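Trainee: Here's a sequence, model it:
(one chain, ligands or ions: 3)
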Amino acid sequence: MAMARRRNVADGRPAIRPEGAPQAVRLRVTALGKGSAIPCAPCLDPNRLWGSACGFIYEDMSTILHVDMDAFFASVEIRDHPEHEGKPVIVGGRADARGVVAAANYIARTFGIHSAMPVSTALRLCPAAVLLPPRLDRYSEVSHQIRAIFERFTPVVEPLSLDEAFLDVSGSLALFGSAQTIGHKIKTMIRNELGMTASIGIAPNKLLAKIASDLEKPDGFVVVPADGIQAFLDPLPVSRIWGVGRVAERKLKGIAIHSIEDLRKTTMKQLEPLFGQKTGRHLLACAQGVDSRPVIPDREAKSISHERTFPQDVDQEDVLYGTLLGLTEQVMRRLRNADKLARCIELKLRFADFSTITRSRHLAAPTDVTSEIWHVLQQLMQQHWNGQPVRLAGMGVSELQHPKARQADLFLEKKHVHQQKVDRVEDEVRERFGKQAIHRGSASATSSAKPNLHDS
Ligand code: TTP
Ligand code: MG
Ligand code: MG
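Mentor: Residues are numbered from 1 along each chain as shown. Ligands and ions are numbered 1, 2, ... in the order given. Next up is the predicted model:
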């Protein structure tokens, strides 16, 4: 066991460090041969190759890859429109409609443009930038293609979003060689088959792999050896820790903690008053590179939501309700496509002064019927919107479940079955004739009064 821990789990080679070299070695992979041509030292069997299923592939040797696409939405657009190659490219909403930047390619970033920045600011910084509207369906399609590449190497893939995933390749080493070989192959396939670049972090756990993938973007490849975790983490700023945002960073700075080394050397006595016991402990564990969360394959979406920022603040009831109904239809279509039911409904409103409220409600039983969700969303609106001008409106569903989780008696309820049929017909019409082909009640007629409910 002890020997196994002393090995570089990322590439399967003994952790030999050249004299004078830093303890953590970041490797940029060149062409690697099969790492499995190394005798398996942990099981002390010279006839066995490293990575073979020898029973010495322990939990602490698990080898995690975190893969994240570079400038994802922008890269898909450039791949589909090669005429934009070499130019600053932004994917986002229209500047005159208060759109924000979803993605900016790395050329655009040299002008200071970044995600979530207002498009108007981005275009001021770089008037020559090419601005393209987001095409979520297309990104989702490419995301599936990327996923298919991952699954050539391991079934243990946990997507985090459209453009990133954790892969546990511990069980794949015998077949494919070292984790570095696998990472290298994945990068090559993404480049050759999809015409895009990905950044990869390889480490003994998720926390470290995620930090590593981000360190040398774009086209990065960073390996954290199991025996070099501390040296890898120590010099990094605390903001590199997943979940340490600006507020936490400021608090830590207040007690002179800047680097992960500073954090590692601090005590719970200092952290607890600022973060509480649970978060304080978590921060200390992160600073030590400790993370025992497994890669959970096929983790399903936890929630589905859509929101819309209005070109001008809206206080007309019909416009607001009409927009929310349209958003509800989109969300419910995605829910049904994912073959899920939802139990929790959330309303989100951002007012003219940027203050934001989110209000949610649980259903007695989960559903995928649009009118049932819409009915509850209207109740939330009636309770929580008092006519103030609204800048952004959104809705989402969460606590998603498989249909079989639904109580059987509800399936027998006539009204519910009828509504399911209505939804399926609508989905089919949209599938065949496009998204704008059909709208219920007031989603298309924003000038109409309150939306019709379909549960009457
Ligand atoms: P990220 O992986 O965070 O960013 P990115 O792929 O654009 O760039 P990087 O090279 O730094 O990884 O997000 C993936 C996609 O998610 C991004 O291309 C667009 C979308 N996105 C938004 O729509 N809004 C946001 O605020 C962010 C951060 C991302
Ligand atoms: Mg990305
Ligand atoms: Mg990402």
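Trainee: so what's the closest residue to ligand 3 within the chain up against?
Mentor: Residue of the chain nearest ligand 3, by C-beta to the ion: Glu164 (3.9 Å). C-betas here are computed from N, CA, C, even on glycine. Counting by C-beta atoms under 8 Å, 6 or more residues apart in numbering, Glu164 touches 66-69, 213.
Trainee: got it, and Lys206?
Mentor: 64, 66, 166, 291, 293, 295 are the contacts of Lys206 under C-beta under 8 Å, 6+ apart.
Trainee: Highest neighbour count among these?
Mentor: Comparing these by number of neighbours (other C-beta atoms under 10 Å), Ile64 comes first, having 30 neighbours.
Trainee: got a list of what that one touches?
Mentor: Contact partners of Ile64, counting by C-beta under 8 Å, 6+ apart, are 166-169, 202-206, 208-209, 295.
Trainee: tell me the least confident of those?
Mentor: Lowest pLDDT among those: Val295, with 91.
Trainee: Quick check: that residue touching Pro159?
Mentor: No. Applying C-beta atoms under 8 Å as the test, Val295 and Pro159 come out as separate, 10.6 Å apart.
Trainee: correct me, but Leu380 touches Lys348?
Mentor: No. Leu380 lies out of contact with Lys348 (C-beta under 8 Å); the separation is 10.0 Å.
Trainee: about what we covered before: could you list which of the contacts of Ile64 belong to helices?
Mentor: Of the contacts of Ile64, the ones assigned to helices by DSSP state H are 206, 208-209.
Trainee: nearest to Gly387, of these?
Mentor: Closest approach between the ones in helices among the contacts of Ile64 and Gly387, by C-beta to C-beta: Lys206, at 45.9 Å.
Trainee: For the stretch 151-300 of the chain, what lies in contact range of ligand 2?
Mentor: Within reach of ligand 2 by C-beta under 5 Å from the ion, the stretch 151-300 of the chain has these residues: Asp163.
Trainee: Spatially nearest residue to Lys302, not counting backbone neighbours?
Mentor: Spatially, and ignoring its direct neighbours in sequence, Lys302 is nearest to Ser398 (6.2 Å; C-beta to C-beta, 6 or more residues apart in numbering).
Trainee: Which residue, neighbours along the chain excluded, lies closest to Val157?
Mentor: In space, and not counting its chain neighbours, Val157 is closest to Phe150: 4.7 Å by C-beta to C-beta, 6+ apart.
Trainee: Determine which residue lies closest to the centroid of this structure.
Mentor: Geometric centre of the chain, nearest residue: Ser161, 2.7 Å, by C-alpha atoms, centre = their mean.
Trainee: so how many other residues sit close to the residue nearest to Lys302?
Mentor: Ser398: 16 surrounding residues under other C-beta under 10 Å.
Trainee: Kindly report the same for Glu346.
Mentor: 18.
Trainee: What are the neighbouring residues in contact with it?
Mentor: Contacts of Glu346 (C-beta under 8 Å, 6+ apart): 303, 305, 358-360, 395-398.
Trainee: how close does the residue in the stretch 201-350 of the chain that ligand 1 sits nearest to sit to His66?
Mentor: Using C-beta to the nearest ligand atom, the single residue of the stretch 201-350 of the chain nearest to ligand 1 is Lys217, 5.0 Å away. Separation of Lys217 from His66 (C-beta to C-beta, to the nearest Å): 12 Å.
Trainee: can you check Ala97 too?
Mentor: Applying C-beta to C-beta to Ala97 and His66 gives a distance of 35 Å.
Trainee: do Gly86 as well
Mentor: Gly86 is 29 Å from His66, where distance means C-beta to C-beta.
Trainee: Equivalent analysis for Pro218, please.
Mentor: Taking C-beta to C-beta as the measure, Pro218 and His66 are separated by 15 Å.
Trainee: Was I right to think Ala393 contacts Gly322?
Mentor: No. Taking contacts as C-beta under 8 Å, Ala393 lies outside contact range of Gly322: 10.2 Å.
Trainee: Which residues of the stretch 1-150 of the chain lie near ligand 2?
Mentor: Selection of the stretch 1-150 of the chain residues close to ligand 2 by C-beta under 5 Å from the ion yields 68-69, 72.
Trainee: Please flag which of those sit within strands.
Mentor: Cross-referencing these against strands under DSSP state E gives 68-69.
Trainee: For Val238, state which of the residues of the stretch 1-150 of the chain next to ligand 2 is nearest.
Mentor: Nearest to Val238 among these is Asp68, at 20.4 Å by C-beta to C-beta.
Trainee: and the closest one, what does it touch?
Mentor: Counting by C-beta under 8 Å, 6+ apart, Asp68 touches 163-164, 198-200, 213-214, 217.
Trainee: bridging residues for the spatially closest residue to it that is not a sequence neighbour?
Mentor: Excluding the flanking residues, the one nearest Asp68 by C-beta to C-beta, 6+ apart is Glu164, at 4.0 Å. Beta-bridge pairing of Glu164 under DSSP bridges involves Asp68, Ser161.
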